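1. let's see this in three dimensions:
(2 chains)
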Amino acid sequence: GNSVTQMEGPVTLSEEAFLTINCTYTATGYPSLFWYVQYPGEGLQLLLKATKADDKGSNKGFEATYRKETTSFHLEKGSVQVSDSAVYFCALSSNYGGSQGNLIFGKGTKLSVKP
Amino acid sequence: DARVTQTPRHKVTEMGQEVTMRCQPILGHNTVFWYRQTMMQGLELLAYFRNRAPLDDSGMPKDRFSAEMPDATLATLKIQPSEPRDSAVYFCASGSGSPVGETQYFGPGTRLLVL
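-> Down below sits the predicted model:
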């Protein structure tokens, strides 16, 4: 079945450091890939997404590229801020079949950025 | 600024009591999802509706959980009888029903504690 594996946290960085959170997936066909972010006490919100191979999603300085050859969708940011402290979830959705639209999430990676 | 609303935000109850959680999806959205989030299991899909029809509730314990959409502006999730293991944060999300790469918009969640 479909699944998502992301690096376990917590990840602690200093402000302005480079961030990478690894995410790999297993899926039939060509899924859509997402990064969602959850700030303390809130629901998840979409950070970025990509719907086909080689697409790059980007938002708020974060980027991720859909790599079909390595089944990966790693999240990167060149310079993190304290306000980026949150839990980041990688997810996929199938683009066909009965489970179309359902999101399958990774376990989440907690990021803490220190001043 | 359209958003998903959930009530109540917090609920403390005793084992054996009925719990009803409500969700108002974003106006015009035709897909609704219920998720449960715990530290141990992460995010789990409980039920999924499209145009008010249940499409997938395989993630839901059938003997005690039920999910309905009485109308397009209201989704409910009921637990009867509740058990301590049901303690979790329950999220509702809605989407526009796009067949590829649908973005799900999450509510703030209902934090449930069953004593």
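
2. quick one, what contacts the residue in chain B positioned nearest to chain A?
-> Relative to chain A, the nearest point of chain B is B:Phe106 (3.4 Å; C-beta to the nearest C-beta). Placement of C-beta: from N, CA and C, glycine included. When the contact criterion is C-beta atoms under 8 Å, 6 or more residues apart in numbering or on different chains, the partners of B:Phe106 are A:36, A:43-45, B:4, B:91-93.

3. and the furthest pair within those?
-> Largest separation among the contacts of B:Phe106 by C-beta to C-beta: A:Tyr36 and B:Cys92, giving 14.7 Å.

4. show me which of the two is the more surrounded one.
-> When A:Tyr36 is set against B:Cys92 and neighbours are counted by other C-beta atoms under 10 Å in any protein chain shown, the residue ahead is B:Cys92, at 30 against 26.

5. for my notes, confirm the more buried one occurs in a helix.
-> No - when classified by DSSP: H, G, I helix; E, B strand; the rest coil, B:Cys92 is found to be strand rather than part of a helix.

6. and stretch B:20-40, how far apart are its ends?
-> Looking at stretch B:20-40, the gap from its leading to its trailing residue is 23 Å under the measure C-alpha to C-alpha, to the nearest Å.

7. same thing with stretch B:78-93?
-> 16 Å.

8. gap between it and the chain center?
-> Between the centre of stretch B:78-93 and the centre of its host chain there is 9 Å, according to C-alpha atoms, centre = their mean, to the nearest Å.

9. for residue 71, what are its contacts?
-> Defaulting to chain A. When the contact criterion is C-beta under 8 Å, 6+ apart, the partners of A:Thr71 are A:24-27.

10. my question was about chain B
-> Shown here is B:Asp71, whose contacts under the criterion C-beta under 8 Å, 6+ apart are B:Arg52.

11. and it, backbone torsions?
-> According to degrees, to the nearest 10, the main-chain angles of B:Asp71 amount to phi -150, psi 180.

12. the spatially most central residue of chain B: which element?
-> When chain B is reduced to its mean C-alpha position, the closest residue under C-alpha atoms, centre = their mean turns out to be B:Trp34, at 3.1 Å. Assigning secondary structure by DSSP states H and E places B:Trp34 in strand B:31-38.

13. next, the buried residues of the helix or strand that that strand is followed by.
-> The element immediately downstream of strand B:31-38 (helix or strand, assigned by DSSP H and E) is strand B:42-50. For strand B:42-50, burial by neighbour count (16 or more other C-beta atoms under 10 Å in any protein chain shown) applies to B:43, B:45-50.

14. now do strand B:42-50 against strand B:31-38, angle only.
-> 160 degrees (axes from the mean of the first three to the mean of the last three C-alpha atoms, to 10 degrees).

15. any part of the helix or strand following strand B:42-50 near chain A?
-> Sequence-wise, the next helix or strand beyond strand B:42-50 is strand B:53-56, with elements assigned using DSSP H and E. Yes - where contact is defined by C-beta under 8 Å from any C-beta of the partner chain, part of strand B:53-56 touches chain A, namely B:55-56.

16. any idea what sits nearest the residue of chain B closest to chain A, other than its immediate chain neighbours?
-> What sits nearest to B:Phe106 in space, not counting adjacent residues and going by C-beta to C-beta, 6 or more residues apart in numbering or on different chains, is A:Gly43, at 3.4 Å.

17. hmm, B:Gly109 and the one you found touching each other?
-> Yes - the pair A:Gly43 / B:Gly109 is scored as a contact, 5.4 Å apart, by C-beta atoms under 8 Å.

18. give me the common contacts of those two.
-> In the contact map built from C-beta under 8 Å, 6+ apart, the residues linked to both A:Gly43 and B:Gly109 are B:Phe91.
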